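Novice: predicted model and sequence below, questions to follow.
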Amino acid sequence: AQSVTQLDSQVPVFEEAPVELRCNYSSSVSVYLFWYVQYPNQGLQLLLKYLSGSTLVKSINGFEAEFNKSQTSFHLRKPSVHISDTAEYFCAVSLNTGFQKLVFGTGTRLLVSP
Amino acid sequence: SAVISQKPSRDICQRGTSLTIQCQVDSQVTMMFWYRQQPGQSLTLIATANQGSEATYESGFVIDKFPISRPNLTFSTLTVSNMSPEDSSIYLCSVAGGGQNPYNEQFFGPGTRLTVL
């Protein structure tokens, strides 16, 4: 079975500062990795995903995540955050075959203040 | 990507009653999933709904409590039966596959916020 650990429940940061949200996973087989974002009172949106190939994946709004197989990690980073990045961020994994369920971490609330 | 709507968006219900949540997609999809997000917690899969077959339930979830229908490739319902305050959660449907949708990526609906008194 797969599992996901997000050690930081909340990360406060000032606007324009860099941020890293940590995600570690556990699986005995190959997986796909995802970051979803949930803005206040909204549904989940896919931020970025790793399926195969380049281990560094990027989103259109400046976030990036790097798949590290040896450390079983998929940390999310942004060099300079905006107030509008305030949201809950969920890391998730699925098996890399067919239609598979997502197993989510407990989420990290990113709080960006001026 | 698929556009997903859910009805109702929120509801307040009395214990012992049942609520049916609808999930409508604007295109045909292969798989539909139902997740629960309890207050302050992460998402947990309830069941997977494949058109034309019985839903597959995760450990801890049973059909009598959460019956699911999937009559066609664009629609599914989840019923929360004999509700108790512990059922107060956000219920989300997600979809994967079909048309232009990749099988390895899930798109989520806006969720149904349920409060049970």
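Specialist: On my side now, so go ahead.
Novice: what's the residue closest to the geometric middle of chain B?
Specialist: Nearest to the geometric centre of chain B sits B:W34, at 3.3 Å (Cα atoms, centre = their mean).
Novice: so which residues of chain A form strands?
Specialist: For chain A, applying DSSP state E gives strands covering A:3-5, A:10-14, A:19-21, A:24-26, A:31-38, A:44-50, A:56-58, A:64-68, A:73-78, A:87-95, A:103-104, A:108-113.
Novice: out of everything not next to it in sequence, what's closest to B:P85?
Specialist: B:V116 (5.0 Å; Cβ to Cβ, 6 or more residues apart in numbering or on different chains). Just so you know, the C-beta spots here come from the backbone N, C-alpha and C atoms, and that holds for glycine as well.
Novice: that neighbour: what's it in contact with?
Specialist: Shown in contact with B:V116 (Cβ atoms under 8 Å, 6 or more residues apart in numbering or on different chains): B:12-15, B:83-88.
Novice: greatest separation within these: which pair is it?
Specialist: B:I12 and B:E86 (15.2 Å; Cβ to Cβ).
Novice: that older thread, and the residue nearest to the centre of chain B, its phi and psi?
Specialist: The phi and psi values for B:W34, taken as degrees, to the nearest 10, are phi -120, psi 130.
Novice: mind checking how far it is from A:L21?
Specialist: According to Cβ to Cβ, to the nearest Å, B:W34 and A:L21 sit 27 Å apart.
Novice: before we move on, what about A:N61?
Specialist: Distance from A:N61 to A:L21, by Cβ to Cβ: 14 Å.
Novice: try A:A87
Specialist: 11 Å.
Novice: of those two, which one has the most company?
Specialist: A:L21 (24 against 20; other Cβ atoms under 10 Å in any protein chain shown).
Novice: any idea how far the closest residue to that one other than its chain neighbours is from chain B?
Specialist: Nearest non-adjacent residue to A:L21, counting by Cβ to Cβ, 6+ apart: A:L76, 4.3 Å away. For A:L76, the distance to chain B (Cβ to the nearest Cβ, to the nearest Å) stands at 16 Å.
Novice: A:L76 against A:C91, yeah?
Specialist: Yes - in this structure A:L76 lies within contact range of A:C91 using Cβ atoms under 8 Å: 7.4 Å.
Novice: more neighbours, the two?
Specialist: A:C91 (29 against 24).
Novice: got the contact list for the residue nearest to the more buried one when sequence neighbours are not counted?
Specialist: Closest residue to A:C91 apart from its sequence neighbours, by Cβ to Cβ, 6+ apart: A:C23 at 3.5 Å. By Cβ under 8 Å, 6+ apart, A:C23 lies in contact with A:4-6, A:33, A:35, A:65, A:73-76, A:91, A:105.
Novice: on that earlier part again, determine the residues that are contacts of both of A:A87 and A:L21.
Specialist: In contact with both A:A87 and A:L21: A:L110, using Cβ under 8 Å, 6+ apart.
Novice: all strands of chain B, in order?
Specialist: B:4-7, B:10-13, B:19-25, B:31-37, B:43-50, B:56-57, B:68-72, B:75-80, B:89-96, B:107-108, B:112-116.
Novice: residues from chain B in reach of chain A?
Specialist: With Cβ under 8 Å from any Cβ of the partner chain as the criterion, chain B comes near chain A at residues B:30-31, B:33, B:35, B:41-45, B:48, B:58, B:92, B:94, B:96-97, B:103-111.
Novice: what residues does A:E15 make contact with?
Specialist: A:E15 neighbours (Cβ under 8 Å, 6+ apart): A:81-83, A:112-114.
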